[in-house]
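K.L.:
A structural model of the following input is requested.
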Amino acid sequence: MNDTLPDVAIVGAGPYGLSLAAHLRARGVKFRIFGPPMKTWRDEMPPGMLLKSDGFATNLSDPAGACTLGGFCREQGEPYDDRKIPVRLETFVNYGLAFQKRMVPELEDKWVTAVEKSGPGFQLTLQGGEKVQARKVVLAIGITCYAYTPPELAGLGPERVVHTSLSNDGERFRGKKVTIIGAGASAMDTAAYLHESGAEVMVIARSPNIYFGEKPSPNQRPRSLWLRSRHPSSGIGTSLRSRIYCEAPWLFHMLPERLRLRIVKRHLGPNSGWPLRERVMGRVPLFPSTVIRKAVPEGSGVALTLAGPDGAERTQYADFVVTGTGYRVDLEKLPFLSRELRSSIGTTGDSPALSQSFESSQPGLYFIGVSAANSFGPVMRFAFGADWTARKLARHLAARALRGGGS
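P.N.:
Numbers count the residues shown, from 1 in each chain. Below is the predicted model:
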């Protein structure tokens with residue numbers, strides 16, 4: 001047996017990948033981790049964004065809980081509160097980078113361009129052509145590769161249609177007519193940012209309502225025991241269901257597949273953080289209950305045929321259409337996985353079907369983060385889920401390493 005071969009290769013260095021690496025390191029498991037740290041958060045979110053998650057729910061995970069967002073803010077002299085102070089995007093990024101340097105110094109800032117089966121393990125090809133062997137691979141690839149664009153806009157090209165994850169260059173949109181599609185946080189964040197960057201912005205949404213969270217009052221009285229019991233707080237929202245999904249992903253995994261898929265699709269619909277209300281309401285035209293009937297190129301832009309709540313159609317021109325229509329996990333959007341691997345992975349919906357230990361039907365290949373939501377629930381779409389995931393998976397991988405990689 002090659003003792004220099006890492007037991008685990010982690011692909012992705014966001015909250016989930018970094019958290020898992022910190023736990024594997026503490027357990028003495030041989031691993032390598034690849035990817036630009038906090039890439040999605042650094043480069044693909046609207047500048048000035050405030051996170052929707054509360055401060056207490058935005059920690060990365062290390063075994064001792066020694067590197068928290070609150071501790072980082074105290075060290076940096078930044079204001080922080082578990083619930084009352086929104087977390088700035090810049091703060092979260094800097095915290096993630098500090099976490100990486102302290103807890104995962106061995107990170108290799110290289111893209112993985114290919115993963116394929118190789119003997120009893122896997123071969124990874126890195127940017128530049130280097131080949132790496134590993135017994136097991138964990139994909140912690142985040143959300144960007146799963147960006148979803150409605151079929152009505154397919155084929156119009158990136159010069160006309162971009163996802164919110166690619167719309168953070170304000171100069172590109174300055175003075176342009178921009179139509180944003182969506183009712184959630186990414187759509188509202190992008191609308192606020194592009195409006196403030198000098199674009200002429202409007203938002204259309206299929207949803208009949210656009211929700212913003214309630215601003216906490218500094219003098220707000222503690223909630224009654226009755227309210228806390230009926231609507232307990234959690235890392236992803238205030239409800240009994242959210243609390244259960246946060247506390248017992250293993251239990252969610254045991255539900256029938258049809259029920260799991262329905263919950264993941266419907267739980268926590270489009271909703272924006274309360275700070276966005278004053279940046280959007282009265283500043284950006286909002287058109288709820290509106291759908292795209294047709295979209296065709298017109299000049300350098302797009303002519304959109306829109307239908308409002310009464311069914312009446314109208315045509316709207318846009319220099320750019322920005323889709324804030326979220327992310328949909330789909331293995332076919334992972335071309336770096338060899339065709340052989342993709343075809344060997346069983347699915348639930350279009351997501352990989354995972355064991356209680358996050359292992360796919362391809363032995364030794366694991367998925368964590370949003371890729372695991374259909375198996376473990378809505379908490380996998382949030383940074384809050386990284387702690388439970390990292391602890392459970394690190395324990396499993398350490399046990400397998402002790403057994404020499406056996407099941």
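
K.L.:
I'd guessed Ser233 sits against Arg243; true?
P.N.:
Yes: here Ser233 reaches Arg243: they are 7.4 Å apart, a contact under Cβ atoms under 8 Å. Where you see a C-beta, it was placed from the backbone N, CA and C, and this is true even at glycine.

K.L.:
Ala187 should be in a helix, yeah?
P.N.:
Yes: assessed with DSSP: H, G, I helix; E, B strand; the rest coil, Ala187 lies in a helix.

K.L.:
For it, give me its contacts.
P.N.:
Ala187 is in contact with 164, 180-181, 203, 205, 270, 322, 324-325, counting by Cβ atoms under 8 Å, 6 or more residues apart in numbering.

K.L.:
Kindly reformat those residues as a markdown table containing pLDDT, secondary structure and distance to Glu78.
P.N.:
Below are the contacts of Ala187 laid out as a markdown table (pLDDT from 0 to 100; DSSP: H, G, I helix; E, B strand; the rest coil; distance: Cβ to Cβ, whole Å):
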| residue | pLDDT | secondary structure | distance to Glu78 |
| --- | --- | --- | --- |
| Thr164 | 94 | helix | 26 |
| Ile180 | 98 | strand | 30 |
| Ile181 | 97 | strand | 34 |
| Val203 | 98 | strand | 31 |
| Ala205 | 96 | coil | 34 |
| Pro270 | 87 | coil | 29 |
| Val322 | 97 | strand | 30 |
| Gly324 | 94 | coil | 28 |
| Thr325 | 92 | coil | 33 |
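
K.L.:
Would you map the helices across the chain?
P.N.:
15-27, 39-43, 69-76, 89-103, 170-173, 185-196, 225-230, 240-247, 249-253, 257-266, 275-280, 339-344, 373-376, 385-402 (DSSP state H).

K.L.:
just the angle between the first one and helix 385-402, please?
P.N.:
Right, helix 15-27. On the basis of axes from the mean of the first three to the mean of the last three Cα atoms, to 10 degrees, helix 15-27 is oriented at 40 degrees to helix 385-402.

K.L.:
who touches helix 15-27?
P.N.:
Contact partners of helix 15-27, identified using Cβ under 8 Å, 6+ apart, comprise 8, 10-11, 13, 31, 33, 35, 37, 60-63, 67, 96, 99-100, 103-104, 106-107, 138, 140, 142, 368-369, 383, 385-387, 389-391, 393-395, 397-398.

K.L.:
what's the answer for the longest one, then?
P.N.:
By Cβ under 8 Å, 6+ apart, the list of residues contacting helix 385-402 from outside reads 7-8, 15-16, 19-20, 22-24, 26-30, 59-61, 63, 136, 138, 235, 246, 249-250, 357-358, 366, 368-369, 372, 376, 379-380, 406-407.

K.L.:
one more time with 6 Å
P.N.:
7-8, 15-16, 19-20, 23-24, 27, 29, 61, 249, 357-358, 368, 379 (Cβ atoms under 6 Å, 6 or more residues apart in numbering).

K.L.:
same check, this time on stretch 361-378
P.N.:
Counting contacts by Cβ under 6 Å, 6+ apart, the residues outside stretch 361-378 that touch it are 16, 136-140, 143, 245, 249, 252-253, 264, 267-268, 329, 344-346, 348-349, 351-352, 354, 358-359, 380-381, 389.

K.L.:
which among these end up buried?
P.N.:
The neighbour-count test (16 or more other Cβ atoms under 10 Å) marks 16, 136-140, 143, 245, 249, 252-253, 264, 267-268, 329, 345, 348-349, 351-352, 354, 358-359, 380-381, 389 as buried among these.

K.L.:
Spell out, range by range, the strands that occur in the stretch 301-407 of the chain.
P.N.:
Per DSSP state E, counting those that start in this stretch, the stretch 301-407 of the chain carries strands over the ranges 301-307, 313-318, 320-323, 347-348, 351-352, 365-367.

K.L.:
Which one, of those, ends up nearest to Leu89?
P.N.:
Taking Cβ to Cβ, strand 320-323 is the member of those nearest to Leu89, at 17.8 Å.

K.L.:
partner strands of that closest one, parallel or antiparallel?
P.N.:
With DSSP bridges as the test, strand 320-323 is paired with strand 161-163 (parallel), strand 177-181 (parallel).

K.L.:
Redo the strands of the stretch 301-407 of the chain as a markdown table? Include distance to Gly119.
P.N.:
Listed next are these as a markdown table, based on distance: least, Cβ to Cβ, whole Å:
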| stretch | distance to Gly119 |
| --- | --- |
| strand 301-307 | 50 |
| strand 313-318 | 52 |
| strand 320-323 | 42 |
| strand 347-348 | 25 |
| strand 351-352 | 22 |
| strand 365-367 | 14 |
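
K.L.:
Thr190 is nearest to which of those strands?
P.N.:
Closest to Thr190 of the strands of the stretch 301-407 of the chain is strand 320-323 (Cβ to Cβ; 5.9 Å).

K.L.:
Thr290 versus the residue nearest the centre of the chain, what's the distance?
P.N.:
Residue closest to the average C-alpha location in the chain (Cα atoms, centre = their mean): Ile143, at 4.4 Å. For Ile143, the distance to Thr290 equals 25 Å [Cβ to Cβ, to the nearest Å].

K.L.:
go on, Leu107?
P.N.:
Distance, Leu107 to Thr290, using Cβ to Cβ: 44 Å.

K.L.:
What of Thr315?
P.N.:
Distance from Thr315 to Thr290, by Cβ to Cβ: 13 Å.

K.L.:
Looking at the two, which is more packed in?
P.N.:
Set Thr315 next to Thr290 and count neighbours by other Cβ atoms under 10 Å: Thr290 wins out with 21 against 12.

K.L.:
list the contacts for the more buried one?
P.N.:
By Cβ under 6 Å, 6+ apart, the neighbours of Thr290 are 204, 306, 308.

K.L.:
could those go into JSON lines alongside distance to Leu276, pLDDT and neighbour count?
P.N.:
Converted to JSON lines, the contacts of Thr290 look like this (distance: Cβ to Cβ, whole Å; pLDDT from 0 to 100; neighbours: other Cβ atoms under 10 Å):
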{"residue": "Ile204", "distance to Leu276": "17", "pLDDT": "97", "neighbour count": "23"}
{"residue": "Leu306", "distance to Leu276": "23", "pLDDT": "97", "neighbour count": "18"}
{"residue": "Gly308", "distance to Leu276": "23", "pLDDT": "95", "neighbour count": "14"}
